[in-house]
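Student: model this:
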Amino acid sequence: MWALDDEKVKGLVNRCYRFYPRAAAARMVRIVYLYYRAGQTAGQVAHELKMTLGAVEKVIARINKAANRPARPVGRPKKIGGGIGTTMGA
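Tutor: Now for the predicted structure:
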């Protein structure tokens with residue numbers, strides 16, 4: 001399971017929280033630990049982290065969605081042909 005592998009969790013955090021503050025990424029890691037590794041319910045996690053149940057459920061849904069989709073390449077796709085100085089159709 002991905003949640004038990006530290007490298008996969010690290011990759012998921014880097015993918016999901018690249019542009020967010022460090023505290024948001026730390027909260028996600030804490031939720032992964034409590035919910036997936038320690039087996040606590042979403043309500044118990046919410047109580048321990050002083051969050052609402054809805055907020056914890058949203059983060060868990062986001063984690064599940066990100067974990068189930070393949071990693072996308074970052075940045076603009078490379079252009080293939082058709083650059084400046086080429087002739088099209090000649």
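Student: could you report the neighbour count for the spatially closest residue to Ala24 that is not a sequence neighbour?
Tutor: Take Ala24 and drop its neighbours on the chain: the residue closest to it by C-beta to C-beta, 6 or more residues apart in numbering is Tyr17, 5.5 Å away. Glycine gets a C-beta too; all of them are placed from N, C-alpha and C. For Tyr17, the neighbour count with other C-beta atoms under 10 Å is 19.
Student: was I right to think Tyr17 contacts Ala23?
Tutor: No: judged on C-beta atoms under 8 Å, Tyr17 makes no contact with Ala23 at a distance of 9.8 Å.
Student: dump the residue contacts of the most centrally placed residue in the chain.
Tutor: Closest to where the C-alpha atoms of the chain average out (C-alpha atoms, centre = their mean) is Cys16, at 2.9 Å. Applying C-beta atoms under 8 Å, 6 or more residues apart in numbering to Cys16 gives the contacts 28, 62-63, 66.
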